[in-house]
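Enquirer: Fold the following for me, if possible:
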Amino acid sequence: MSTLTFIVAGMSNVIDRFLLPAVVEEIENVTPRMRRIRLAGDALRVLDWLPGQHVRVRVGNLLSLRGFRDSLRTYSVWDYDPRGRLDLCVLEHPEAGPGVRWAREAVPGATTAVMRPEGRLIVRRDAPYHLFAGDETASVAFGAMLRGLGGPVRGAVLTSGDRLPLPRAGELAWPLRDGGTDADALVRAVRELDLPGAPGAAYVAGEARACQAVRAHLVRERGWPRDAIRLKAFWAPGKRGLD
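Expert: Next up is the predicted model:
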């Protein structure tokens, strides 16, 4: 066995330890730019998943020259069935990277693999109320978190028309982009929310600068402690593969 073959075989064994095999079972266009992809497989049974967490999906050849950079993409879990089904919702971007191309070309029966769920964007059950702020990319995680959530909810989801059917959607504001920056639009929408005087738990996700601006607003203008805010930057202009 050559040295290169030995190295490749070793990398394959390591990769197999962390990736769970899955098959594309079902595909549905849920908005003009959002595609729901259901993955299934025995290896996906009884995963340790909490609403709001994400998985890393193999969208290319892990042993290519670019390796993990262009071969794994991170997606929030829209819904999970412990019998072995995992639903993702992937947003179409104008500049299609490896993840968008994978979602666009996926067909039932195609094989892939996923890493186990992870992430800290999860519900704080002891909070007096819950504030959600983000954009379309955040709405997937928000949907999972809102499903079955008790207690008062406030929120704003910035959109260009792609609105997932979120639970408790009537309790959220849906500001449209008006040509300004995401940060300006989202902060303005959160500033207009009628929030109780005391802090609750905030979940802020989506474009990086918008997330930072909302956190700054909550801390500086509303007096929230930073540890009451869970922030997840899913993307930033000009950066690929941010998760």
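Enquirer: Specify the beta-bridge partners of the residue nearest in space to the middle of the chain.
Expert: Nearest to the mean C-alpha position of the chain, by C-alpha atoms, centre = their mean, lies Ser76 at 3.1 Å. Beta-bridge partners for Ser76, by DSSP bridges, are His54.
Enquirer: just use 17 as the starting number from now, easier for me
Expert: Happy to do that; since the first residue is 17 now, the last one works out to Ser92.
Enquirer: in this protein, which ranges drop under the pLDDT threshold?
Expert: For the chain, the stretches flagged by pLDDT under 70 are 17-32, 79-85, 110-112, 255-259.
Enquirer: Just give me the neighbour total for the closest residue to Met131 other than its chain neighbours.
Expert: Distances taken as C-beta to C-beta, 6 or more residues apart in numbering place Arg72 nearest to Met131, at 4.2 Å, with adjacent residues excluded. (C-beta placed from N, C-alpha, C; glycine too.) Using other C-beta atoms under 10 Å, the number of residues around Arg72 comes to 20.
Enquirer: Look up how far Asp151 lies from the residue nearest to the centre of the chain.
Expert: 12 Å (C-beta to C-beta, to the nearest Å).
Enquirer: for Val235, same thing?
Expert: Distance, Val235 to Asp151, using C-beta to C-beta: 20 Å.
Enquirer: Now name the helix or strand holding the nearest residue to Pro191 once chain neighbours are set aside.
Expert: Nearest non-adjacent residue to Pro191, counting by C-beta to C-beta, 6+ apart: Ala205, 4.2 Å away. Assigned by DSSP states H and E, Ala205 falls within helix 198-207.
Enquirer: can you pull out the helices in the chain?
Expert: 19-34, 84-87, 114-121, 152-162, 198-207, 224-236 (DSSP state H).
Enquirer: Now render those as TSV, adding distance to Leu107.
Expert: Converted to TSV, the helices of the chain look like this (distance: least, C-beta to C-beta, whole Å):
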stretch	distance to Leu107
helix 19-34	25
helix 84-87	18
helix 114-121	8
helix 152-162	6
helix 198-207	14
helix 224-236	15
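Enquirer: Figure out which of those helices is closest to Asn77.
Expert: Checking the helices of the chain against Asn77 by C-beta to C-beta gives helix 84-87 as the closest, at 6.1 Å.
Enquirer: tell me the strands in the protein, going along the chain?
Expert: For the chain, applying DSSP state E gives strands covering 36-47, 50-56, 70-74, 88-97, 101-107, 127-130, 146-150, 169-173, 217-223, 245-251.
Enquirer: Return the most buried member of those strands.
Expert: Most buried of those by mean neighbour count (mean count of other C-beta atoms under 10 Å) is strand 146-150; its value is a mean of 27.
Enquirer: Not counting that strand itself, show me its contacts.
Expert: For strand 146-150, the surrounding residues in contact (C-beta atoms under 8 Å, 6 or more residues apart in numbering) are 139-140, 154, 158, 161-162, 165, 167-174, 188, 202, 205-206, 209, 211, 216-222, 226-227, 230, 234.
Enquirer: quick revisit: need the strands of the chain in CSV (columns: distance to Leu180).
Expert: As requested, the strands of the chain are arranged in CSV below (distance: least, C-beta to C-beta, whole Å):
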stretch, distance to Leu180
strand 36-47, 6
strand 50-56, 6
strand 70-74, 16
strand 88-97, 8
strand 101-107, 6
strand 127-130, 21
strand 146-150, 12
strand 169-173, 9
strand 217-223, 13
strand 245-251, 14
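Enquirer: Of all those strands, which one is nearest Val62?
Expert: Among the strands of the chain, the nearest to Val62 by C-beta to C-beta is strand 88-97 (10.2 Å).
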